[in-house]
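In: Turn this into a model:
(4 chains)
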Protein chains: 2
Amino acid sequence: MATYAHARPALTVDCVVLGYDDAGLKVALIRRGLAPYLGRWALPGGFVHVDESVDDAARRELAEEAGLSRVWLEQLYTFGAVGRDPRERVVTVAYWALVRLADHRVQAATDASEAAWHALDELPRLAFDHAAIVAAARERLRSKVRWQPIGFELLPRKFTLGQLQRLYEMALGRALDKRNFRKKVLALGILDELDEHERNVAHRAARLYRFDETAYRQRLRDGFSFEL
Amino acid sequence: MATYAHARPALTVDCVVLGYDDAGLKVALIRRGLAPYLGRWALPGGFVHVDESVDDAARRELAEEAGLSRVWLEQLYTFGAVGRDPRERVVTVAYWALVRLADHRVQAATDASEAAWHALDELPRLAFDHAAIVAAARERLRSKVRWQPIGFELLPRKFTLGQLQRLYEMALGRALDKRNFRKKVLALGILDELDEHERNVAHRAARLYRFDETAYRQRLRDGFSFEL
DNA sequence: CCAAAAGTGTTCACGGTACACCCATGC
DNA sequence: GCATGGGTGTACCGTGAACACTTTTGG
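Out: Numbers count the residues shown, from 1 in each chain, chains lettered A, B, ... in the order given. Below is the predicted model of the structure:
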């Protein structure tokens, strides 16, 4: 393990930013303004600087390239195949993030020519191996959603149980029984029932709820299972 | 994302190799023959070459530094804090591996002055942030063992249900009920019951079993849950 | 009054858990 | 014969899954 003087792989981060609205799950993509894959859609990301942690690099790129900050962010997987970038050897640490679509407009910045949300199940062809990275994030969402009440990161602060259920159905890729879902989710004891209802809907207005983070942390400490 | 000409972080892999025998879980460590942390125990690992995938680098280091090959190996997490190596900026992709202790003698090789198995719950002080990496592997084992019948990678090819149960108890950190354990594990239908028994034991000789990988794959395809 | 989603309980089957005694073997 | 782990079955309980109708609101 002598000092390393040879060519080294470059190191980047790439972020799979997932958002949700009533139409479904979306990913934030950026249209590349440079070769290779000029004009293709790609994940926001970029090189890791020597003086920042990899986590910080992910947050920075998210802010610079997509104009997003203060989002929930977690490391996903490191993609290190040899040919994944045609220019040179690049290893990328992929992250995934969840944001409230209502709160965030993605905006292109720096060297990205365009940024936009894309529906998760009708993605365009992506640059590099980014399709595989998105697939990994999707898989992680599917498994994580069963153990941690992640959904609240994606919904507006006040939401209906119907919205929450539709989100879970999207994430899990299957229909859930309405009564069982409400029963379980309310039994978790991490929702504040508000004295507010939807407005201007063409059907009975649903009650609004809010995620009770304090109760959630308490339950976590008590060793609680959030399986849905 | 122009061509990158500045200083770049170096990229390494580190492997948490877990082994098991009747005395408990062990991790393979190497005594460092170079500064920094000269003489300290550390995980086997090293730099990723430009012409090999990160996975390949992990396998190579495992072979070179610990003399291990053909082991079960999986990516664990990427550690990218800024100060984790005092010499220069180094990001490491951590892997974890499971081996049959009976089959593998670790042997020091290349630039490691010594290699040995250490009991997982009485580790010496480790170099760099390797203690955190081992802790992450341990946590991963604990959660993974519940979903995938991982234990078989760690046991000899023929084993008793008692051995399997003790392994699970080590991994999960709690005692399991013998009858329930046997019932569940046999119900999985992935064990071959052999017409062989232990020999030379000071008690009733236990029947030996073998992991039936074919049946396992079949169950996986059928969407089977291996929760214990 | 019609469409569309909200809201609400009960029953059944299965799996998890708790629990105690006899058996085979080596010393 | 004794110490040590191997081996076996049953009863209870809680949770997950299935399932249908009434209510409210806007158009």
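In: Adjacent strands (with direction) for the least confident helix or strand in chain A by mean pLDDT?
Out: Scoring the helices and strands of chain A by mean pLDDT, DSSP states H and E places strand A:112-119 at the bottom, with a mean of 83. Here strand A:112-119 is paired, per DSSP bridges, with strand A:24-32 (antiparallel).
In: pLDDT averaged over the strand it pairs with - what is it?
Out: The average pLDDT within strand A:24-32 is 93.
In: next one: stretch A:121-130
Out: Stretch A:121-130 comes out at a mean pLDDT of 96.
In: how long is that stretch end to end?
Out: 14 Å (C-alpha to C-alpha, to the nearest Å).
In: related to what we said a few turns ago, identify the residues contacting the least confident helix or strand of chain A?
Out: A:19, A:23-33, A:41, A:44, A:65-67, A:101, A:106-109, A:124 (C-beta atoms under 8 Å, 6 or more residues apart in numbering or on different chains). No exception for glycine: its C-beta is placed from N, CA and C like everyone else's.
In: which helix in chain A runs the most residues?
Out: Ranked by number of residues, the top helix in chain A under DSSP state H is helix A:130-144.
In: For it, name the packing helices and strands.
Out: strand A:10-21, strand A:72-79, strand A:90-100, helix A:161-172 (3 or more C-beta pairs under 8 Å, 6 or more residues apart in numbering or on different chains; DSSP states H and E).
In: is it possible to export these to a markdown table including distance to B:A94 and mean pLDDT?
Out: Output for the helices and strands packed on helix A:130-144, formatted as a markdown table (distance: least, C-beta to C-beta, whole Å; pLDDT from 0 to 100):
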| stretch | distance to B:A94 | mean pLDDT |
| --- | --- | --- |
| strand A:10-21 | 15 | 95 |
| strand A:72-79 | 9 | 97 |
| strand A:90-100 | 12 | 96 |
| helix A:161-172 | 28 | 94 |
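In: Now render those as a markdown table, adding distance to A:V201 and mean neighbour count.
Out: What follows is the helices and strands packed on helix A:130-144, written out as a markdown table (distance: least, C-beta to C-beta, whole Å; neighbours: other C-beta atoms under 10 Å in any protein chain shown):
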| stretch | distance to A:V201 | mean neighbour count |
| --- | --- | --- |
| strand A:10-21 | 15 | 24 |
| strand A:72-79 | 28 | 19 |
| strand A:90-100 | 20 | 24 |
| helix A:161-172 | 10 | 19 |
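In: Out of these, which gets nearest to B:A171?
Out: strand A:72-79 (22.9 Å; C-beta to C-beta).
In: what's the angle from the closest one to strand A:90-100?
Out: Per axes from the mean of the first three to the mean of the last three C-alpha atoms, to 10 degrees, the angle that strand A:72-79 makes with strand A:90-100 is 150 degrees.
In: tell me which parts of chain A are close to chain B?
Out: For chain A, the contact set with chain B under C-beta under 8 Å from any C-beta of the partner chain comprises A:1-4, A:6-11, A:32, A:34, A:46-55, A:57, A:75, A:77-78, A:80-82, A:87, A:89, A:91, A:93, A:111.
In: Just the element for the residue of chain A found nearest DNA strand D, please.
Out: Chain A approaches DNA strand D most closely through A:R204 (2.7 Å), counting by C-beta to the nearest atom of the strand. Using DSSP states H and E, A:R204 sits within no helix or strand.
In: For it, give me the pLDDT.
Out: Confidence score, pLDDT, at A:R204: 95.
In: just to revisit the earlier point, from the residues of chain A next to chain B, keep the buried residues only.
Out: A:1, A:4, A:8-11, A:32, A:46-49, A:52-55, A:57, A:75, A:77-78, A:80-82, A:89, A:91, A:93 (16 or more other C-beta atoms under 10 Å in any protein chain shown).
In: quick one on the thing from earlier: ok now the least confident helix or strand of chain A, how far from the chain's centre?
Out: The chain centroid and the centroid of strand A:112-119 are separated by 15 Å, computed with C-alpha atoms, centre = their mean, to the nearest Å.
In: How about the contacts made by A:R60?
Out: A:E52.
In: and it, that's in a helix?
Out: Yes - according to DSSP: H, G, I helix; E, B strand; the rest coil, A:R60 belongs to a helix.
In: gap between it and B:F79?
Out: 18 Å (C-beta to C-beta, to the nearest Å).
In: Check chain A for the residue nearest DNA strand C and tell me.
Out: Counting by C-beta to the nearest atom of the strand, chain A gets nearest DNA strand C through A:G162, at 2.3 Å.
In: quick one, phi/psi of the closest residue to that residue other than its chain neighbours?
Out: Of all residues not flanking A:G162 in the chain, A:A206 sits nearest, at 5.7 Å (C-beta to C-beta, 6 or more residues apart in numbering or on different chains). Backbone torsions of A:A206, given as degrees, to the nearest 10, read phi -90, psi 150.
In: Please name the residues that touch A:A206.
Out: Applying C-beta under 8 Å, 6+ apart, the residues contacting A:A206 are A:160-162, A:197-198.
In: what do you get for A:L155?
Out: A:20, A:100, A:163-164, A:167.
In: do the same with A:L25
Out: Neighbours of A:L25 in contact, by C-beta under 8 Å, 6+ apart: A:18-19, A:119-121, A:170-171.
In: mind running it again at 7 Å?
Out: A:18, A:120, A:170 (C-beta atoms under 7 Å, 6 or more residues apart in numbering or on different chains).
In: Then A:K178?
Out: Contacts of A:K178 by C-beta under 7 Å, 6+ apart are A:Q165.
In: how about the residues of chain A near DNA strand D?
Out: Counting by C-beta under 7 Å from any atom of the strand, the positions of chain A adjacent to DNA strand D are A:177-180, A:184, A:197, A:199-205, A:227.
In: now with 10 Å?
Out: Counting by C-beta under 10 Å from any atom of the strand, the positions of chain A adjacent to DNA strand D are A:174-184, A:187, A:197-206, A:225-228.
In: Now go through those residues and say which are in strands.
Out: A:H197 (DSSP state E).
In: number of nearby residues for the residue of chain A closest to DNA strand D?
Out: 7 (other C-beta atoms under 10 Å in any protein chain shown).
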